[in-house]
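1. Return atomic coordinates for the entry below.
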Amino acid sequence: MPENKKILIFNVNWLGDVLFSTAVIRNIRRNFPESFIACIVPSRCYPVLKGNPHLDEIIIFDEKDRHKGVIRQLDFVRSLKEKKFDMVFLLHRSFSRALICRLAGIPERIGHYTKKRGFLLTKKFMPPRRDSLHRIDYYLDVLEQAGLKVEDRYTEFFVSGQDSAFVENFLDKNSVAKGDFIAVLNPGGNWLPKRWPKEYWAELADKLTEEFGAKVIISGSHNDLSLAMDIQEKMLHKPLIACGAFNLKQLGALARKADLFITADTGPLHIANSIGAKKIIALFGPTAPEITGPYPSKNVTLLQKDVGCVIPCYEVHCRDNRCMKAIKPDDVLKEIKK
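-> Now for the predicted structure:
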């Protein structure tokens with residue numbers, strides 16, 4: 001294959017999955033060291049790839065916002081056509097993204113086959129059976145079936161010195177001293193069945209303060225602020241609430257600084273793992289670690305209880321959430337004491 005191609009990667013939509021795709025980006029760069037490589041992501045996932053040294057350009061595509069509607073999507077197609085890409089790797093399985101690449105005149109369109117979009121791909125491969133592979137391997141399967149060499153399987157997340165300095169300044173302003181035991185709790189999640197009960201978070205946070213003298217920081221986005229306040233109301237000791245205080249890069253810097261990072265299966269788990277957090281405790285309920293778990297997991301202790309449900313479970317409106325309730329605060333404390 002010629003080395004001076006213009007290559008596009010049409011990525012997926014979720015923060016954690018975009019992090020998993022960094023293994024694809026790195027391995028494409030290894031196969032095409034001299035090529036121009038760009039990646040399309042929604043704006044909310046832009047920070048995941050910002051600063052990635054394997055990319056020459058990050059392109060934003062927001063189909064539910066700035067590119068909503070036929071006219072705006074045709075404008076996006078025109079802008080893509082002007083860039084004159086030679087090939088595109090479609091990690092997303094959607095019909096519309098394949099159509100966009102076809103209309104943009106990209107000659108080689110490579111991705112997993114589906115009935116609806118098969119005719120839009122120039123190289124199409126039968127996808128692995130649903131939930132049979134970890135997401136990293138599922139995305140890398142596109143490269144392997146295309147005949148490219150895949151050398152490794154790990155995620156990457158890059159933070160700057162400015163991000164680290166911002167976190168240091170935040171901790172200093174909030175009386176977190178050097179040498180303090182910092183425990184970051186991330187109680188949010190993109191869907192409710194993956195969340196641990198508020199009263200469990202409160203109990204755990206109090207015990208971390210009492211038994212370890214920990215400085216407890218509750219992290220999350222602006223949307224998690226009310227959740228954090230609810231947890232604080234149930235606590236005896238006041239935590240440091242940092243919801244909305246950090247962008248994703250700064251959250252990565254905080255995770256690297258922390259002595260302990262506790263979270264459910266959500267994007268910040270994979271940020272903390274990618275950045276090399278010292279110790280992570282991951283609380284899993286309805287999702288399967290072998291599919292969406294931290295990868296690799298050398299610094300991660302994963303807690304999950306068998307409650308008789310089929311895992312993975314995609315019952316978004318689950319009424320009892322017993323898989324998450326089965327993990328008790330004392331189970332987490334036992335792992336910390338080890």
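2. Which element, helix or strand, includes the closest residue to residue 323 other than its chain neighbours?
-> Leaving aside its sequence neighbours, residue 323 sits nearest to residue 285 (C-beta to C-beta, 6 or more residues apart in numbering; 3.6 Å). Using the backbone N, CA and C atoms, a C-beta is placed for each residue, glycine as well. Assessed by DSSP states H and E, residue 285 sits outside every helix and strand.
3. For residue 41, grab phi and psi.
-> phi -140, psi 160 (degrees, to the nearest 10).
4. The one 4 residues further on now?
-> Geometry field for residue 45 lists phi and psi as phi -100, psi 0, criterion degrees, to the nearest 10.
5. This structure: strands as residue ranges?
-> 6-10, 36-41, 57-60, 87-90, 108-112, 123-125, 182-186, 215-218, 240-241, 260-264, 280-283, 300-303 (DSSP state E).
6. For the stretch 151-300 of the chain, give me the ranges with low pLDDT.
-> Scanning the stretch 151-300 of the chain for pLDDT under 70 picks out nothing.
7. what about 80?
-> 190, 296-297 (pLDDT under 80).
8. Identify each buried residue in stretch 304-316, please.
-> 304-305, 311-312 (16 or more other C-beta atoms under 10 Å).
9. ok, residues contacting that stretch?
-> Stretch 304-316 has contacts (C-beta atoms under 8 Å, 6 or more residues apart in numbering) with 131, 191-193, 283-289, 291-292, 322-323, 326-327.
10. repeat for stretch 201-221
-> Counting by C-beta under 8 Å, 6+ apart, 176, 180-188, 227-228, 231-232, 234-237, 239-244, 246, 251, 254, 258-260, 262, 268, 329, 332-333, 336 sit against stretch 201-221.
11. filter the residues you listed to the buried ones?
-> 176, 182-188, 227-228, 231-232, 235, 239-243, 246, 251, 254, 258-260, 262, 268, 329, 332-333, 336.
12. just to revisit the earlier point, tabulate the strands of the chain (CSV), appending distance to residue 80.
-> Listed next are the strands of the chain as CSV, based on distance: least, C-beta to C-beta, whole Å:
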stretch, distance to residue 80
strand 6-10, 8
strand 36-41, 8
strand 57-60, 8
strand 87-90, 9
strand 108-112, 12
strand 123-125, 19
strand 182-186, 36
strand 215-218, 41
strand 240-241, 42
strand 260-264, 36
strand 280-283, 37
strand 300-303, 38
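13. Tell me which of the ones you listed lies nearest to residue 166.
-> strand 215-218 (14.2 Å; C-beta to C-beta).
14. Centre of the chain to that closest one, how far?
-> Counting by C-alpha atoms, centre = their mean, to the nearest Å, strand 215-218 is centred 22 Å from the centre of its parent chain.
15. try stretch 105-118
-> 25 Å.
16. my read: the residue nearest to residue 323 touches residue 320, true?
-> No - Residue 285 lies out of contact with residue 320 (C-beta atoms under 8 Å); the separation is 11.1 Å.
17. Between these two, which contacts overlap?
-> Joint contacts of residue 285 and residue 320 (C-beta under 8 Å, 6+ apart) do not exist.
18. Break down the stretch 101-250 of the chain into its helices, ranges please.
-> 135-145, 161-173, 198-212, 225-233, 248-257 (DSSP state H, counting those that start in this stretch).
19. Tabulate those helices (JSON lines), appending distance to residue 12.
-> Output for those, formatted as JSON lines (distance: least, C-beta to C-beta, whole Å):
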{"stretch": "helix 135-145", "distance to residue 12": "8"}
{"stretch": "helix 161-173", "distance to residue 12": "24"}
{"stretch": "helix 198-212", "distance to residue 12": "29"}
{"stretch": "helix 225-233", "distance to residue 12": "26"}
{"stretch": "helix 248-257", "distance to residue 12": "16"}
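20. Mean neighbour count, those helices: which tops it?
-> Of all the helices of the stretch 101-250 of the chain, helix 248-257 has the most neighbours on average by mean count of other C-beta atoms under 10 Å, namely a mean of 24.
21. pretty sure residue 72 is touching residue 66, no?
-> Yes - between residue 72 and residue 66 there is a contact at 6.9 Å, judged by C-beta under 8 Å.
22. For ChimeraX, write a command that selects the buried ones of the contacts of stretch 304-316.
-> Buried residues among those (16+ other C-beta under 10 Å), as a ChimeraX selection:
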select :193,283,284,285,286,287,288,289,291,292,323,327
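23. State the distance from residue 228 to residue 147.
-> 48 Å (C-beta to C-beta, to the nearest Å).
24. again with residue 41
-> From residue 41 to residue 147 the distance is 25 Å (C-beta to C-beta).
25. The two - which one has more neighbours?
-> residue 41 (23 against 9; other C-beta atoms under 10 Å).
26. What is the burial count for the closest residue to that one other than its chain neighbours?
-> Nearest non-adjacent residue to residue 41, counting by C-beta to C-beta, 6+ apart: residue 11, 4.7 Å away. Per other C-beta under 10 Å, the neighbour tally for residue 11 reads 28.
27. isn't residue 11 right up against residue 39?
-> Yes - using C-beta under 8 Å, residue 11 is in contact with residue 39, at 5.6 Å.
28. one step back: between the helices of the stretch 101-250 of the chain, which gets nearest to residue 4?
-> Nearest of the helices of the stretch 101-250 of the chain (C-beta to C-beta): helix 135-145, 19.2 Å.
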